[in-house]
Each structure stands twice: as structure tokens, then as C-alpha cells.
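Chemist: here you go, sequence then predicted model.
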Amino acid sequence: MNDKSGLAITLFGEILMVDQLARSRLSKVLPKGMELSHFSVLNHLDRSNAERSPAQLAKTFHLTRGAMTNTLHKLETAGYVHIRPDWDDARRKMVAISPAGRQARDAALASMAPIINDMVSKLGDDRVRAALPILRELRLKLEETH
């Protein structure tokens with residue numbers, strides 16, 4: 001194994017471990033019954049402030065349509081999203097965040113904020129700002145090849 005390969009393996013090993021640890025810590029503080037995947041969908045719908053089809057959401061999160069349908073069913077059962085037929089194409093559905101979904105997203109964000117803020121504080125704002133462009137570029141490269 002050459003130096004470049006070792007560097008790449010070390011980078012991805014760190015990213016995967018950070019992902020695992022962050023998911024574990026954040027999942028523990030989410031409101032009862034909420035999963036990190038639920039928060040992610042609610043956060044996306046809230047931030048985009050627009051309806052999305054299940055297929056669009058599946059593509060955004062790089063999931064199968066079946067996996068997204070399962071997540072949306074759980075969110076709809078909890079009253080966090082509204083799913084309606086697409087008026088232009090009856091075969092499709094459209095998903096929007098509900099007022100209860102917005103409240104659940106806000107509660108989840110409030111429960112996660114202390115952990116996130118603590119980590120940023122320990123690392124330092126300048127170091128976090130310096131890391132963001134590299135992480136963003138890596139994400140974009142991975143999305144290109146997906």
C-alpha cells in the first residue's frame with residue numbers, strides 16, 4: 001500500500017468513525033420516537049420550504065424509494081408531514097412538513113444544539129471554518145460519482 005492509498009484510507013476511516021460517533025450521540029438526545037433519518041427529512045423540508053415528491057427526497061438522501069417511503073410513512077403516522085396526491089400527475093405524491101413536524105424538528109434541533117455547540121467550541125470556530133470547505137468539496141465529489 002502506497003502513501004497516497006494509506007492517506008485516503010485514514011481520511012475515510014476518520015470520516016466514518018466521526019459519522020458513527022456523531023449519529024450515536026445525537027440519536028440519544030432526539031425526542032422519543034424520532035430517528036436521525038426522520039430529523040434529516042424534516043430539516044430538509046423545513047429549510048427548502050417547498051413540497052417534494054418521495055422520489056425527489058429519495059434522490060436527495062441517496063436512498064431507495066422504498067426506504068424513503070418507509071420513513072415518510074412513519075413521519076405521516078406521527079403527524080409530522082402531509083402527503084397529498086400531485087394534482088398534475090395522480091401517480092405521484094407530494095410531501096410537505098406539517099406544523100407538528102416543524103415543532104418536532106425544532107425540538108430535535110434544540111436537543112442536539114448543546115452537543116454540536118460543545119464540539120465546535122472545543123475545536124474552535126476558526127478550525128471548524130477551515131474544515132468546512134474541504135468537507136463540502138469531498139461531499140460534492142462523492143455526489144458527482146453517485
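Modeler: The structure has been received and is ready for your questions.
Chemist: in the longest helix along the chain, what counts as buried?
Modeler: Determined from DSSP state H, the single longest helix within the chain is helix 3-29. For helix 3-29, the neighbour count (16 or more other CB atoms under 10 Å) marks L26 as buried. C-beta: built from backbone N, CA, C; applies to glycine.
Chemist: who touches the helix or strand following that helix?
Modeler: Once helix 3-29 ends, the next helix or strand along the chain (criterion: DSSP states H and E) is helix 36-48. The list of residues contacting helix 36-48 from outside it, by CB atoms under 8 Å, 6 or more residues apart in numbering, reads 23, 26-27, 30, 52, 57, 60-61, 71-72, 74-75, 78, 80-81, 95-97, 101-102, 104-105, 108-109, 112.
Chemist: one step back: and the angle for the longest helix of the chain with helix 36-48?
Modeler: When axes from the mean of the first three to the mean of the last three CA atoms, to 10 degrees is applied, the directions of helix 3-29 and helix 36-48 differ by 90 degrees.
Chemist: can you give me the pLDDT of the most centrally placed residue in the chain?
Modeler: Ranked by distance to the mean C-alpha position of the chain (CA atoms, centre = their mean), the top residue is S40 at 3.4 Å. Looking at S40, its pLDDT stands at 96.
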